[in-house]
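S.K.: Give me a model of this one.
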Amino acid sequence: MRRVFFAIMFLAVALMQDAMAQTPDMRRNIGLDSVMVLMQRCSKEKIYYQSDASSGNLTFTVDAASATLFDDIKEDLQANGYKVLAMRGYLFVLKGVGLAQQLPADYFVSRKKQTNAQVQKDYIDALSGRMDVATSMNKTYQIGDKGNESRTGKAYLSGYVRDAVTGEPVVGVSLVDQATKAYAMSDVHGFYKILLPVGKSVLDVAGFSLEDTKVHLQVYNDGALDVVVKEQGTGMDGAKTFRIRFKKPVPEEISEKAGYGIENLTWTPEVYFANNTIRNNRARGTLFSTPKKVVVENNLFDHTSGCAILLCGDCNGWFETGACRDVTIRKNRFINALTSQFQFTNAVISIYPEIPNLDGQKKLFHGGKKTAVRIEDNVFETFDAPILYAKSIDGLLYRNNKVVKNTDYKPFHWNKDQFLLQRVNNVEIEDLFFYRGGNIIKEVKLNK
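M.R.: Here you go, the predicted structure:
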């Protein structure tokens, strides 16, 4: 919050510089709307401003020479019921309670049994003292200021999708405008942003295992609205809640105060992926993340936007299970992968687990035995340099693969290394053949 008020202080000082040049003690009245305009001009953040009938008459009396300029503006805002919040590159100037950045500290602490309706009410009250949360299909929610419609005829709506019972963010929820088919999807933090026409809109909200719902809107200009969703009933006791009893005491560092993930290794699959054509993907070609046996053979990966094959695994963002222990990638043909650099695009084949503190890692993530991941007898047809990226793996074999250079596109990738390895062990790279125009241009035999 201090960051926001410092921004306001800076803008107010800039506004008064011209007045100070004439009279050092000169004072001016600055309307709240003018402050918002100046902040928009000078700040990189997107500003959302909620006014009311009284805001047009509200003014600030600013003394540019005052040493208490910061406190003066802060007091004026508070005295008139406004709150300013900086969040994710946005500035919210709101009347009343404003937006809460987090739930109450004891929200998830065990307490007396409550009904879902009680928990939902607690969550909504914690998020906002006003009804800036879409909880009903029978209500029309006003977005922006009435009488101050966007001149472009369009406005951005943004907010968070959250579970109606727990208040937690919900990932992968689609929001589609019925009229224009404008589309947005909530990200890993539950955040969404969608461009809507000014006027009445209806958003269809849907997600896996969620009850479909609709949100009715009256859009005037840019605004924020959180959307509450409910899980579909399964009719099966125990489908959503598990109690795990440990045979041995849990280490002290594992507690409810930090985030930990648990994976049921008995429910992970073996994968045989063969004789497929993967072409013109907007993201990666394939992603594998299972400790069971994986075989990827005789496939054509043709112009995948990102990497062709990704071995991921993390407990930080997408929660895509755990480590790979036994992977064979053989006799595949890769044609011009990496035409974009959106995400996990370090090389055609990327072994890329999410490790926040790689230097502090005590045990490598993937592998665990010699040649746990084997890349053999493949053909890489590429316009750029990177072929293999590997991070945090113990046991990797790259052998007898053919790299054919072409000029279909201009090389642009930041990674200029054919092999980029970070914190690895037991890596063998053998028999490298590089071709251009049907001729071997380089042959390398090494083992490291």
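S.K.: so where's the chain shaky on pLDDT?
M.R.: 1-138, 233-242, 256, 258-259, 317-318, 320, 431-448 (pLDDT under 70).
S.K.: domains of it?
M.R.: For the chain, the structural domains run 2-95, 116-229, 265-444, going by automatic domain parsing.
S.K.: since we're on L364, how many residues are nearby?
M.R.: L364 has 19 neighbours, counted by other C-beta atoms under 10 Å. For every residue, glycine as well, the C-beta is placed using N, CA and C.
S.K.: What sits closest to G199 if chain neighbours are left out?
M.R.: V219 (6.2 Å; C-beta to C-beta, 6 or more residues apart in numbering).
S.K.: quick one: the one you found and V202, what's the gap?
M.R.: Distance of V219 to V202, given as C-beta to C-beta, to the nearest Å: 11 Å.
S.K.: Kindly report the same for Y220.
M.R.: Applying C-beta to C-beta to Y220 and V202 gives a distance of 16 Å.
S.K.: Name the residue in those two with the higher neighbour count.
M.R.: Y220 (18 against 14).
S.K.: The more buried one contacts K154, correct?
M.R.: No. Assessed by C-beta atoms under 8 Å, Y220 is found out of contact with K154, at 11.4 Å.
S.K.: Between those two, which contacts overlap?
M.R.: Jointly contacting Y220 and K154 under the rule C-beta atoms under 8 Å, 6 or more residues apart in numbering are V198.
S.K.: Give the buried residues for stretch 292-299.
M.R.: Buried residues in stretch 292-299, counted by 16 or more other C-beta atoms under 10 Å: 294-297, 299.
S.K.: Which of the residues you listed fall within strands?
M.R.: Of the buried residues of stretch 292-299, the ones assigned to strands by DSSP state E are 294-297.
S.K.: Just list whatever residues bridge to the residue nearest to G199.
M.R.: I143, G199 (DSSP bridges).
S.K.: Please report how far it lies from Q142.
M.R.: Counting by C-beta to C-beta - V219 and Q142 are separated by 8 Å.
S.K.: if you count what's nearby, which of these two comes out ahead?
M.R.: Neighbours per residue (other C-beta under 10 Å) separate V219 from Q142, with V219 holding more: 23 against 13.
S.K.: so who does the more buried one touch?
M.R.: V219 makes contact with 143-144, 155, 157, 196-201 under the criterion C-beta under 8 Å, 6+ apart.
S.K.: what's the closest of those to L397?
M.R.: For the contacts of V219, the closest approach to L397 (C-beta to C-beta) belongs to L157, at 50.6 Å.
S.K.: Hmm, that closest one is touching A224, no?
M.R.: Yes. Checked against C-beta under 8 Å, the pair L157 and A224 is within contact range at 7.4 Å.
S.K.: Between those two, point out the one with more neighbours.
M.R.: Legend: neighbour count by other C-beta under 10 Å for L157 and A224, higher for L157 (26 against 21).
S.K.: give me the element the more buried one is part of.
M.R.: strand 154-163 (DSSP states H and E).
S.K.: who does that strand touch, helix- and strand-wise?
M.R.: On a contact count with 3 or more C-beta pairs under 8 Å, 6 or more residues apart in numbering; DSSP states H and E, strand 154-163 meets strand 191-197, strand 213-219, strand 223-224, strand 226-229.
S.K.: got TSV for those, with distance to Y398 too?
M.R.: Below are the helices and strands packed on strand 154-163 laid out as TSV (distance: least, C-beta to C-beta, whole Å):
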stretch	distance to Y398
strand 191-197	39
strand 213-219	49
strand 223-224	49
strand 226-229	45
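S.K.: how about the ones you listed, which one is nearest L364?
M.R.: Per C-beta to C-beta, nearest to L364 of the helices and strands packed on strand 154-163: strand 191-197, 32.6 Å.
S.K.: In the closest one, which residues are buried?
M.R.: Neighbour-count burial for strand 191-197 [16+ other C-beta under 10 Å]: 192, 194, 196-197.
S.K.: got the angle for that strand vs strand 213-219?
M.R.: Comparing the axes of strand 191-197 and strand 213-219 via axes from the mean of the first three to the mean of the last three C-alpha atoms, to 10 degrees yields an angle of 50 degrees.
S.K.: contacts for strand 191-197?
M.R.: 88, 143, 153-161, 169, 173, 175, 177, 179-180, 182-186, 203, 217, 219, 227.
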